[in-house]
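Q: everything below, folded, please.
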Amino acid sequence: MSDVVSHPGTRGRTTELGRAARGGAITFVGAAVSALCGFLFNLLLARLVGPQGAGVVLQAIATFTIALAVGRLGLDTTAVWLLPRLSRQDPARVRAALAGTCGLALAVPLAGVLGWLVVWQAFLRSRDSEVLDAITIAVVFLPAASLMMVALAATRAFGGVAAFNAIGNVLVPALRPISLVLVVAFGGGALAISGVWAACCLVGAVLAVVILLRMVGHPSRRAAGGWLPDRALLRQILGFAGPRTVMAAMEQTIIWIDVLLVGALLGSVAAGVYGAASRFVAAGVVAMTALRIVVAPRFSALLVEGRRAEVADLYTTTARWVLLLGAPIYLTLGVFSPTVLGWLGPGFGDGVTPMVILSLGSIVVLAAGNVQSLLLMSGRSGWGAFNKFVVVCFNVGANLVVIPRAGIDGAACVWALSMALDTLLAAWQVRRGIGVSPALGAIAGTAAAVMGCVAVPSLAVVLVAGQGELQLMVAVLLSGLVLAGYCLVDRRRLRLDELASVRRRGNAPQ
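A: Model prediction:
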């Protein structure tokens, strides 16, 4: 598929890109703030409690995140998929769908937490494990985190991203480093840090529910039927959410299981070093996250109307935007990994090679754009669940073999291969099963151009002047200028006019 140039026949496509650009710009800022807060939390955690304490906290966060992926039953994605369809096809069932999704999001994790507390009290408390105690403190707040995520997803489904960004990307992430400093100032350690990290979700949950109720109570939605979901609606919710639960759990398992396995096989110190390196790498997904938040509901609405050509165009163009915005972060992290890890203090130098491997592997994920969201919004949550199951089996099996022999370097290699496998499976299914064929050549060309614009100047700076903060600043400035020049020259094919039009058309209906 060739690049699409704007003309009267592509007005609908331009509109979709304009919507993605406007919402994506807002969400990009929010996601950048979230990433910055995560970076600050990671930095403070490492410097204030060291590799051992950081390893305990990161293992608790890993367990909490995987449990949250299971406990919320994929209902956040279900809301994004279902509510736009009901709003167009059956508005009288919107409120009932909200009650079903949010109610299940609170009740199921609550039951899981009660079960864990019984097991911990009866069998695990006597083991005197700091990691298990940290996990137990954190999971108490699992129901609040689940409700927060689903309620915020529902606000996105109504066409707005303000609440999602203000609460999920700014407030809650900002509270975490502040709480960390306060805990340490009052003499708390890894257990208390794990608790306050999770407790921030309680504040977010209360605010998210209040905002969602106000949105539902808006005069334009007061005739949207009752709150009690019938059996048919519950079956529809659970039919999508069931496979999505497996998929979400597997997604978070792929992201976090290596931290847990490193901790189990090599100890908390190694888990702290590896986890710190992997958290830095997480900053590069800001652009993809921002655009996913916006385009996922659009994918659902366009697919239900059979507008596959517009889906392919939206997917291809936003994938190239993701590369332009995200790949430079990974390339810079890879080249300057010794400098970046040096900020954490002594004991984290062993994370240099894993950071390089994780950064390069993540560029493959960026190149695939929002292929996972496209697969989900087509209603094929079962396909996604199967993919994740295959990838997790590969990830766990390979890590059990590789980590004892190659340590955290091997864990990084396994993660990169796992993400590549996951991406390839989803891309093949989108092309063969949904009939959406993105312009792979255009995406690959953008990836190569970005690597040339950023990696070459950065490596040249290191070869001439070595590592250091000043060299990092020079490399960022130099590569930024080269990349900006490329964007200027190739702006028509990159469709950057749509991004530039965000401000001009900020008041256009969305």
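
Q: which ones are touching G452?
A: By Cβ atoms under 8 Å, 6 or more residues apart in numbering, the contact set of G452 is empty. No exception for glycine: its C-beta is placed from N, CA and C like everyone else's.

Q: find me the pLDDT at it, would you?
A: Note for G452: predicted pLDDT of 93.

Q: from the middle of its chain, how far away would the lengthiest helix in the chain be?
A: Ranked by number of residues, the top helix in the chain under DSSP state H is helix 11-71. Relative to its chain's centre, helix 11-71 lies at 6 Å (Cα atoms, centre = their mean, to the nearest Å).

Q: which element follows it toward the C-terminus?
A: Using DSSP states H and E, the next helix or strand after helix 11-71 towards the C-terminus is helix 75-89.

Q: what helices or strands is that next one leaning on?
A: helix 94-119, helix 142-157, helix 231-266, helix 286-304, helix 371-377 (3 or more Cβ pairs under 8 Å, 6 or more residues apart in numbering; DSSP states H and E).

Q: mean pLDDT, distance to V365 and mean neighbour count added to those, as a markdown table?
A: What follows is these, written out as a markdown table (pLDDT from 0 to 100; distance: least, Cβ to Cβ, whole Å; neighbours: other Cβ atoms under 10 Å):
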| stretch | mean pLDDT | distance to V365 | mean neighbour count |
| --- | --- | --- | --- |
| helix 94-119 | 88 | 27 | 19 |
| helix 142-157 | 89 | 21 | 27 |
| helix 231-266 | 79 | 11 | 20 |
| helix 286-304 | 71 | 8 | 24 |
| helix 371-377 | 78 | 9 | 26 |
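
Q: can you say which of these is nearest to L496?
A: The closest of these to L496 is helix 286-304. By Cβ to Cβ, the value is 13.8 Å.

Q: can you mark which positions in whichever helix or strand comes after that closest one are buried?
A: On the C-terminal side of helix 286-304, the closest following helix or strand by DSSP H and E is helix 308-335. Neighbour-count burial for helix 308-335 flags 309-335 (criterion: 16 or more other Cβ atoms under 10 Å).

Q: wait, isn't V216 in contact with A96?
A: No: using Cβ atoms under 8 Å, V216 is not in contact with A96, being 11.1 Å away.

Q: what's the burial count for F386?
A: When neighbours are counted by other Cβ atoms under 10 Å, F386 registers 17.

Q: now it: which helix or strand?
A: Counting by DSSP H and E, F386 is found in helix 381-429.

Q: which other helices and strands contact that helix?
A: Taking 3+ Cβ pairs under 8 Å, 6+ apart as the contact cut, helix 381-429 packs with helix 231-266, helix 268-281, helix 352-367, helix 371-377.

Q: the helices and strands packed on helix 75-89: which one's closest to G480?
A: For those, the distance to G480 is smallest for helix 286-304, at 15.1 Å, taking Cβ to Cβ.

Q: low pLDDT regions in the stretch 301-450 of the chain?
A: Along the stretch 301-450 of the chain, the model assigns pLDDT under 70 to residues 369, 381.

Q: wait, what's in contact with F64?
A: Contact partners of F64, counting by Cβ under 8 Å, 6+ apart, are 135, 138-139, 142, 145, 198.

Q: can you pick out the most distant pair from the residues you listed?
A: Greatest spacing in these, by Cβ to Cβ: I135 and A145 (14.0 Å).

Q: tell me how many other residues surround R431.
A: Counted with other Cβ under 10 Å, R431 comes out at 15.

Q: isn't it right up against L440?
A: No: contact criterion Cβ under 8 Å: R431 and L440 do not qualify, at 9.1 Å.

Q: secondary structure element for P229?
A: Under the criterion DSSP H and E, no helix or strand holds P229.

Q: that one against A99, yeah?
A: Yes: look at P229 against A99 with Cβ under 8 Å: they come within range, at 5.9 Å.

Q: hang on, the earlier thing: okay if I get the helices and strands packed on helix 381-429 as TSV plus distance to G466?
A: Below are the helices and strands packed on helix 381-429 laid out as TSV (distance: least, Cβ to Cβ, whole Å):
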stretch	distance to G466
helix 231-266	30
helix 268-281	20
helix 352-367	14
helix 371-377	39
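
Q: closest one to F39 among these?
A: Using Cβ to Cβ, those put helix 268-281 closest to F39, at 7.0 Å.

Q: any idea of the angle the closest one forms with helix 308-335?
A: Interaxial angle, helix 268-281 versus helix 308-335 (axes from the mean of the first three to the mean of the last three Cα atoms, to 10 degrees): 130 degrees.

Q: and G351, what does it touch?
A: With the criterion set at Cβ under 8 Å, 6+ apart, G351 makes contact with 273-274, 276-277, 337, 341, 408.

Q: could you redo the last one with a cut-off of 6 Å?
A: Applying Cβ atoms under 6 Å, 6 or more residues apart in numbering, one finds that G351 lies in contact with 273, 277, 341.

Q: not counting sequence-adjacent ones, nearest residue to the second one?
A: Going back to what we said before, that points to A277. Among residues not flanking A277 along the chain, G351 sits closest, at 3.6 Å (Cβ to Cβ, 6 or more residues apart in numbering).

Q: any idea how far the one you found lies from S146?
A: Plainly put, G351 is 31 Å away from S146 if you go by Cβ to Cβ, to the nearest Å.

Q: ditto for P328
A: Separation of P328 from S146 (Cβ to Cβ): 34 Å.

Q: circling back: pull out the buried residues from the helix or strand following the helix holding F386.
A: Downstream of helix 381-429, the first helix or strand assigned by DSSP H and E is helix 440-465. Neighbour counts over helix 440-465 (16+ other Cβ under 10 Å) mark 442-443, 445-447, 449-451, 453-455, 457-458, 461-462 as buried.

Q: quick one: helix 440-465 to helix 352-367, angle?
A: Interaxial angle, helix 440-465 versus helix 352-367 (the same axes, to 10 degrees): 150 degrees.

Q: what about the next helix or strand after helix 440-465, distance to the chain center?
A: For helix 440-465, the following helix or strand on the C-terminal side (DSSP H and E) is helix 469-489. Mean-position distance between helix 469-489 and its chain equals 26 Å (Cα atoms, centre = their mean).

Q: please apply the same query to stretch 86-106.
A: Centroid separation for stretch 86-106 versus its chain: 24 Å, with Cα atoms, centre = their mean.
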